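In: model the structure of this input:
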Amino acid sequence: MAAKSRRPAAESSPVDFDRVRAIVAQELAPLATRIDLEGYYPEGVLHALGAAGAYAAHVTAAAGDGHLWDGVRAIASVAEECGATAFCMWCQDACAWYLAVTPNESLRAQYLAPVASGEQLGGTALSNPMKAFAGIETIRLKGRKVKGGYRVSGQVPFVSNLGRGHVFGAILGTDDGSHVMALLDTDMEGVKAGQRAQFVALDGTRTWAVSLHDCFVPDARVLAAPAEALVPKIRPTFILLQNGLATGLMRDCLAMIARAGRSLGHVNRYLPEQAEPIAEALEKLERETEALCATPLATDRDYIRRVLQSRIDAGDWAIKAAHTAMLHLGARGYVRTARAQRRLREAYFVAILTPAGKHLRKDLAALDG
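Out: The predicted model follows:
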């Protein structure tokens with residue numbers, strides 16, 4: 001069942017939601033268990049979603065066209081069925097957003113259209129830089145300026161939605177203390193990428209460790225120098241799109257709870273965890289996310305505080321929703337192929353995905369300090 005918006009998409013939205021729903025029902029649903037248990041990467045589905053405009057809505061927000069909410073809705077529609085595929089969508093969307101807001105016009109002209117259409121798949125390596133800018137980690141990629149670009153070395157352990165010929169956004173620290181954001185690809189000389197770890201969920205996201213050894217990154221690939229000039233434009237959209245992972249999952253959990261009630265309602269009514277608080281939280285989170293999506297380039301303190309809080313709420317309520325669904329399903333939700341236990345594992349990922357709840361709370365404290 002595809003996620004329903006509280007209002008219809010604007011007529012000018014690039015997203016064909018009917019087509020997205022058909023892809024979810026006909027192409028993705030039969031693969032969901034395989035994606036989860038076998039780590040299958042749904043590349044064909046991702047290309048099809050791109051052709052349906054699923055990655056194109058939010059890029060128009062850079063020009064003030066206000067379609068970021070449709071991008072969140074598209075992710076939610078897929079997250080209702082499969083968290084792994086929805087997360088790959090988010091990675092694709094993040095990559096497209098970097099290209100939408102970069103001042104490098106030639107790079108945007110070359111890559112934005114194919115990334116936004118899903119013809120060119122890509123990801124994002126900004127987990128470590130986001131943590132570094134928050135004082136949680138140190139920057140992992142190091143570069144030195146040379147003629148025509150940078151020589152870069154280092155390793156980032158988790159970059160998702162990758163494959164041969166895929167692009168990804170990354171930030172490197174330079175020898176003069178500044179940071180540079182660039183669009184890299186897995187086929188560049190000096191880049192090695194491959195799976196190094198297996199996860200309890202979302203193994204189908206093609207999450208690889210990426211190592212760079214004296215890799216030449218030309219100036220033509222630079223998204224921003226210094227990177228700090230672009231990060232404030234990136235961060236709210238980066239975060240708000242993640243809310244779609246939570247809202248789609250919450251909606252599916254409510255559906256599971258309702259289905260369980262048909263045969264187990266007589267005993268489930270004694271559980272302290274019930275659907276009503278989840279439904280209320282879902283409505284509130286969707287309403288707040290939609291409002292925040294109207295001004296994705298805003299940088300005022302109150303706006304950023306609301307964005308951070310919405311993402312905290314998304315992670316917290318995703319876990320509560322999946323926990324409640326698991327208890328309502330009982331033993332039938334505890335088998336290896338059961339939907340309920342998969343959604344619980346996916347919900348924890350929503351909560352720990354950068355920026356994780358503890359990171360967001362640290363940032364909130366810094367705002368209020």
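
In: Gln195: neighbour count?
Out: Neighbours of Gln195 under the rule other Cβ atoms under 10 Å: 13. In this view, the C-beta of every residue, glycine as well, is placed from N, C-alpha and C.

In: ok, it - contacts?
Out: Neighbouring residues of Gln195 by Cβ atoms under 8 Å, 6 or more residues apart in numbering: 206-209.

In: repeat the analysis, applying 10 Å as the threshold.
Out: Residues in contact with Gln195 (Cβ atoms under 10 Å, 6 or more residues apart in numbering) are 39, 162, 203, 206-209.

In: most neighbours out of the residues you listed, which is it?
Out: Ranked by the number of neighbours (other Cβ under 10 Å), the contacts of Gln195 place Leu162 first, at 27 neighbours.

In: state the phi and psi torsions of that residue.
Out: Dihedral angles of Leu162 (phi, psi; degrees, to the nearest 10) stand at phi -110, psi 170.

In: again, but for Ser310
Out: Main-chain torsions, Ser310, degrees, to the nearest 10: phi -60, psi -40.

In: can you pull the pLDDT of it?
Out: We have a pLDDT of 98 for Ser310.

In: for Asn243, see how far away it is.
Out: Going from Ser310 to Asn243 by Cβ to Cβ, to the nearest Å gives 6 Å.

In: what residues are shared contacts of the two?
Out: 285-286, 288-289, 292.

In: and the strands in the stretch 101-250 of the chain?
Out: With DSSP state E, counting those that start in this stretch as the criterion, the stretch 101-250 of the chain has strands at 122-124, 141-146, 149-159, 167-174, 179-185, 191-194, 208-218, 222-224.

In: enumerate every residue touching the most centrally placed residue in the chain.
Out: Centroid check for the chain by Cα atoms, centre = their mean gives Trp90 as the closest residue, at 3.1 Å. Taking Cβ under 10 Å, 6+ apart, we find Trp90 in contact with 55, 71-72, 75, 78-79, 123-124, 160-161, 205, 238, 241-245, 353.

In: so where does it fall, helix or strand?
Out: Element membership of Trp90, judged by DSSP states H and E, is helix 83-101.

In: ok, of the contacts of Gln195, which one's closest to Val222?
Out: The nearest member of the contacts of Gln195 to Val222, counting by Cβ to Cβ, is Leu162 at 20.5 Å.

In: and that closest one, what is it in contact with?
Out: 41, 88, 91, 121-123, 125, 168, 185-186, 193-195, 205-210.

In: from the contacts of Gln195, which is closest to Tyr98?
Out: With Cβ to Cβ as the yardstick, the closest approach to Tyr98 among those comes from Leu162, at 15.4 Å.

In: ok, that closest one to Asp187 distance?
Out: Going from Leu162 to Asp187 by Cβ to Cβ gives 11 Å.
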